[in-house]
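>>> Fold the following.
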Amino acid sequence: MITNPNHTSPAPHTVPGSPRVALEAWVARIASLTRPDRVVWCDGSADETARLTRQLVDEGKLVALDQERRPNSFLARSDPDDVARVEGRTFTCSRTPEDAGPTNHWREPSAMRDELEERFAGSMRGRTMYVVPFSMGPVGGPISQLGVEVTDSAYVVLSMGKTTRLGHEVLRAIDTGVPWVATVHSVGMPLRDDAGAEQPDVAWPCNPTKYIVQFPETREVWSYGSGYGGNALLAKKCFALRIASVMGRDEGWLAEHMLLVRLTSPEGRAFHVAAAFPSACGKTNLAMLQPELPGWSVETIGDDIAWLRPGADGRLHAINPEAGLFGVAPGTGPDTNPVAVETIAADTIFTNVALTDDGDVWWEGLTPEPPAHLVDWTGADWTPDSPTPAAHPNARFTVALDRVPTLAVGWEHSVPVDAVVFGGRRSTNVPLVAQAPTWAEGVFMGATVSSEQTAAAEGTVGELRRDPFAMLPFCGYDMADHWSHWLETGARLGDGAPAVFQVNWFRKDADGGFLWPGFRENARVLEWIARRVEGSVPAVESPVGLLPDLDDLDVRGLDLPEARLDALFAVEPGPWLEECDLTEEFLAGFGDRTPPVFTAILDERRAALHAEAHESAPESAPAPASASVRQAA
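Got it, this is the predicted structure:
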């Protein structure tokens, strides 16, 4: 018998033939397939949150932290097989493989539906199926979208309550006919088999076989076997990027893996910056930056995802569609990100961090020295002599955005974007900051950005890979078509298009040390970007973009000798020509869908680099590359 005892919205008064009837019919179909013991409609209320939290603590799925040290905060430990995105099991089931493109794993839609039907059949036996209506962006907002997730994980419900707008207001919007994206999730571990035999639950239910499946044309997500992060919080990467990127292509807007901040100058002018970085490359740190430059401030709008739409004023406008943070814990500390440390002081769900003896949490980077004893992320005793980290490298915190002390006033409303910034983790070649001379060259920057592999994705940590727009795992259609969509958007915007920049905080010297101090000092780069946007400082031409006149980059108070500053902006023709060859090879993988303008940009870059090599190769020892660029200009 399927019941919905928590359904207190106007369901009993549903008008026959209304959109609510279609929603309830869809829920009934999923329940008929998955066979839960009961169905609960979630409202996101404080009472519901408290009840589910108590339930998970009683079941051993959450550990209550010391309520004085970490009020209303809890720890979850995942299965070691379920700790990150599973890109090899993430599928884009567009109508044709050409629509999915070479960066997505394509499966034929009807065959995948048959496969999923078999997996989901009876997958919720013995469990509760929760119905989670949610909004990305404020309900009714001009760039907002609605969704409904059904899940057999109460942990997912609690996390969705922190990261989305959840509840009756969404159902009322659906009642008026607002379309919604259908998302289905199961941990894939039923507690009763077909014959009725029971099996015990575990602290982190999951299944060795996993599916993360997007159906772009029908706006659906199906996820099976994982309870972790974006694999299970289907509003996040699956909807807000993979599905939304297709919606944006079809409707003339953009869904991007970008943070949003408001930067305010000493003169009181606000600049809004959207920035794309791969996971674990400093996005959250930049989103919560506290500048030490006198008179400058940074306010947080979002740390991960931005939806951008051309406005009636001819400018590109953006919102953060999320209502919370799902941040990487390791490396987050008072020195690197004091705002994040304050944000997660209470009301937070931690996953795969270590537990201290006095009921608090710890991870690498939280304090200079680790405690003498911890319980690590697997539940085992740990000491500083242990051979493994105390926290998983991809350990996370989940917290509502309204806990961020630097949250911008009016953050829920759209803002005009002044600058788009692309960044990655590069130890060589890429300067600290460069501006694209044109919109097309800015799109080329975003398309060809590369970064070293992080723990958030499968693969060898440290391996260099192209990550166009930081969207490699998240673009729901052919990546080259995504670049064309950006080019078309710029053509629509014309002079109203934002300026485009590339940054690299991670360049190293010959001894492997970072050349740039990073963290709070990155505000000095943002200052130069803002001054370029307002047109108050010049730039110096180079083969890879417009660089600062180093007199205009404020480095006062930094221990930054001239040689290191030169090295931060060195454009060495030889390595860059090799990189051009690698870029050409990368673009060739997209065939004739690659925008033709990219070939022209690459040809111009090669010609400029050859000219630079010729000019900087006199009989005597060459000058530093950055110096030669300035002299040539």
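
>>> hang on, residue 143 packs against residue 311?
No - judged on Cβ atoms under 8 Å, residue 143 makes no contact with residue 311 at a distance of 9.8 Å. From N, CA and C alone the C-beta is placed, and that goes for glycine too.

>>> Identify the contacts common to those two.
Residues touching both residue 143 and residue 311 by Cβ atoms under 8 Å, 6 or more residues apart in numbering: 317, 414.

>>> what's the span of stretch 470-479 from first residue to last?
11 Å (Cα to Cα, to the nearest Å).

>>> next one: that stretch to chain centre, how far?
In terms of Cα atoms, centre = their mean, to the nearest Å, the centre of stretch 470-479 is found 12 Å from the chain centre.

>>> Now do the longest strand along the chain: which elements does it pack against?
Criterion DSSP state E: the longest strand present in the chain is strand 128-136. Strand 128-136 is packed against helix 19-34, strand 38-41, strand 145-151, helix 154-163, strand 165-166, helix 168-175, with contacts defined by 3 or more Cβ pairs under 8 Å, 6 or more residues apart in numbering; DSSP states H and E.

>>> out of the ones you listed, nearest to residue 123?
Among the helices and strands packed on strand 128-136, the nearest to residue 123 by Cβ to Cβ is helix 19-34 (5.1 Å).

>>> Just want the angle from the closest one to strand 128-136.
Counting by axes from the mean of the first three to the mean of the last three Cα atoms, to 10 degrees, helix 19-34 lies at 140 degrees to strand 128-136.

>>> how distant is helix 19-34 from the center of its chain?
30 Å.

>>> now swap in stretch 404-424 and tell me
Worked out by Cα atoms, centre = their mean, stretch 404-424 lies 14 Å from the chain centre.

>>> Repeat that for stretch 519-527.
Using Cα atoms, centre = their mean, the offset of stretch 519-527 from its chain centre is 21 Å.

>>> neighbour count winner among residue 143 and residue 311?
A direct count of neighbours by other Cβ atoms under 10 Å for residue 143 and residue 311 places residue 143 higher, at 21 against 17.

>>> Report the contact partners of residue 480.
Per Cβ under 8 Å, 6+ apart, neighbours of residue 480: 101, 590, 591, 593, 594, 595.

>>> I'd say the first one and residue 591 touch.
No - with contacts defined as Cβ under 8 Å, residue 101 does not count as touching residue 591, sitting 9.6 Å away.

>>> The two: which has the busier surroundings?
More neighbours surround residue 101 than the other of residue 101 and residue 591, with 22 against 12 (other Cβ under 10 Å).

>>> quick one: the closest residue to that one other than its chain neighbours from residue 217, how far?
Take residue 101 and drop its neighbours on the chain: the residue closest to it by Cβ to Cβ, 6 or more residues apart in numbering is residue 478, 3.0 Å away. Separation of residue 478 from residue 217 (Cβ to Cβ, to the nearest Å): 14 Å.

>>> between those two, which one's more packed in?
Neighbours per residue (other Cβ under 10 Å) separate residue 478 from residue 217, with residue 478 holding more: 24 against 12.

>>> The more buried one: what's it in contact with?
When contacts are counted by Cβ under 8 Å, 6+ apart, residue 478 touches 98, 99, 100, 101, 102, 103, 590, 593.

>>> Can you report how many residues neighbour residue 73?
24.

>>> quick one: it and residue 354, what's the gap?
On the measure of Cβ to Cβ, residue 73 and residue 354 end up 14 Å apart.

>>> ditto for residue 591
47 Å.

>>> Flag the shaky bits of the stretch 251-400 of the chain, pLDDT-wise.
The model of the stretch 251-400 of the chain has pLDDT under 70 over residues 280.

>>> mind listing the strands for it?
Secondary structure of the stretch 251-400 of the chain (DSSP state E, counting those that start in this stretch): strands at 254-256, 258-264, 270-276, 297-302, 306-310, 316-319, 324-328, 349-351, 354-356, 361-362, 374-375, 381-382, 396-400.

>>> same deal with the stretch 451-600 of the chain?
All strands of the stretch 451-600 of the chain, identified by DSSP E, counting those that start in this stretch, fall at 464-466, 499-503, 539-542, 545-548.
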